[in-house]
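[1] Quick one, fold the following:
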Amino acid sequence: MATTAPLPKDRSGAPLYAVVTGSDSGIGRAIAVAFAGGGVDVGLTYHRDAEGAEETARQVRERGARAAVRQLDLTDLPTAAAVVDELAEELGGLDVLVNCAGTGTAQKVMDMDFDTWRGVLSVDLDGAFLCSQRAAKHMIEAGRGGRIINITSVHEHAPKVGAAPYCAAKAGLGALTKVLALELAEHAITVNSVAPGEISTPMTGQEDVDPRQQPRPGVPLGRPGHAEEVAAVVAFLATPAAGYVTGASYVVDGGMLLMGPQASSMLTDEKWRVP
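    Here you go, the predicted model:
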């Protein structure tokens, strides 16, 4: 029998411990800082940017929360996923996992080798699977519910030229989200995905850019998003208020996905075929 108990951590029912992978910059950093602002201690991971992770940790601590930092190389699987266990032990528990670490390509299928294909799937899909599995074990053993939130992309739902492994991984992660939502519901663990569009982050070459100053005529809201706008949705999904939400995909894209037929009818050349 499934339980409908809230996430019973502090007196308000809010979570106390979270792990955010890929939190050395961009969306991952914004999520970690948002959690810290709500009094949540955060485990942070990075691949290469140790300095960036320490800056995130500084911002977390500045908000009165604890931060624990580990390197996480999701090309070294399944071994690397043990970092989730290490962070849970150091924090004292694990209430929320956010799978934010990811990578991608800008290469057409016919020009791509198998190692490139597998490398993206390893990080974006295999890594999320293994980290979710580890996190869920901690949540089940604690017996007080939990949250798993997967950062996918609009490409969970729509393709892009030059991004075959990325799109396949994100679509796969979206489906994995739904399966986990079914399987973990009896433990009061909800599982959802958040699918950003273009967000002003280092990954899109827009570090420290004000998205309001970056016009995007093809996006209904007319601009890229800010990492904090994604973090706000993730933070909501981690709260008791979202306790009856599971298996859902929250698109945060300024209306981009709505523009398929509308935008395609306005194209005047075939530049879209080039990654």
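
[2] C-terminal to the longest helix seen in the chain, which secondary structure element comes first?
    As assigned by DSSP state H, the longest helix anywhere in the chain is helix 164-184. Using DSSP states H and E, the helix or strand that follows helix 164-184 towards the C-terminus is strand 189-196.

[3] now the angle from the helix or strand just after that next one to strand 189-196?
    Counting by DSSP H and E, the next helix or strand C-terminal to strand 189-196 is helix 227-237. When axes from the mean of the first three to the mean of the last three C-alpha atoms, to 10 degrees is applied, the directions of helix 227-237 and strand 189-196 differ by 160 degrees.

[4] how about low-confidence regions in the stretch 1-150 of the chain?
    1-13 (pLDDT under 70).

[5] which residues in it form strands?
    Here the stretch 1-150 of the chain has its strands, by DSSP state E, counting those that start in this stretch, at 17-20, 41-46, 67-71, 96-99, 146-151.

[6] could I get these as CSV with mean neighbour count?
    For the C-beta atoms, the positions are set from N, CA and C on the backbone; glycine is no exception. Formatted as CSV, the strands of the stretch 1-150 of the chain follow (neighbours: other C-beta atoms under 10 Å):
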stretch, mean neighbour count
strand 17-20, 31
strand 41-46, 27
strand 67-71, 19
strand 96-99, 30
strand 146-151, 27
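
[7] can you put the ones you listed in TSV and add distance to residue 122?
    Shown next, in TSV, are those (distance: least, C-beta to C-beta, whole Å):
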stretch	distance to residue 122
strand 17-20	19
strand 41-46	15
strand 67-71	16
strand 96-99	13
strand 146-151	16
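
[8] closest to residue 134 out of the ones you listed?
    Residue 134 lies closest to strand 96-99 among the strands of the stretch 1-150 of the chain, at 8.3 Å (C-beta to C-beta).

[9] Mind listing residues that contact that closest one?
    Identification of contacts with strand 96-99 by C-beta atoms under 8 Å, 6 or more residues apart in numbering yields 15, 17-21, 28, 31, 35, 40, 84, 127-128, 131-132, 135, 146-151, 173, 234, 238.

[10] What does the pLDDT read for residue 187?
    Per-residue pLDDT puts residue 187 at 98.

[11] Quick check: closest non-adjacent residue to it.
    residue 140 (5.0 Å; C-beta to C-beta, 6 or more residues apart in numbering).

[12] try residue 225
    residue 199 (4.6 Å).

[13] count of residues packed around that neighbour?
    Number of residues near residue 199 (other C-beta atoms under 10 Å) recorded here: 23.

[14] Contact partners for it?
    Residue 199 neighbours (C-beta under 8 Å, 6+ apart): 26-27, 211, 224-227, 229-230, 252.

[15] just checking, residue 225 touches residue 255?
    No: counting by C-beta atoms under 8 Å, residue 225 does not reach residue 255; the two are 10.7 Å apart.

[16] Relative to residue 143, how far out is the residue nearest to residue 225?
    Noted for residue 199: a distance of 36 Å to residue 143, by C-beta to C-beta, to the nearest Å.

[17] Residue 225 and residue 255: who's more crowded?
    Counted by other C-beta under 10 Å, residue 225 and residue 255 do not tie: residue 225 has more neighbours, with 22 against 14.

[18] ok, now how distant is the nearest residue to residue 189 once chain neighbours are set aside from residue 220?
    Nearest residue to residue 189 in three dimensions, chain neighbours excluded: residue 146, at 4.4 Å (C-beta to C-beta, 6+ apart). Going from residue 146 to residue 220 by C-beta to C-beta gives 35 Å.
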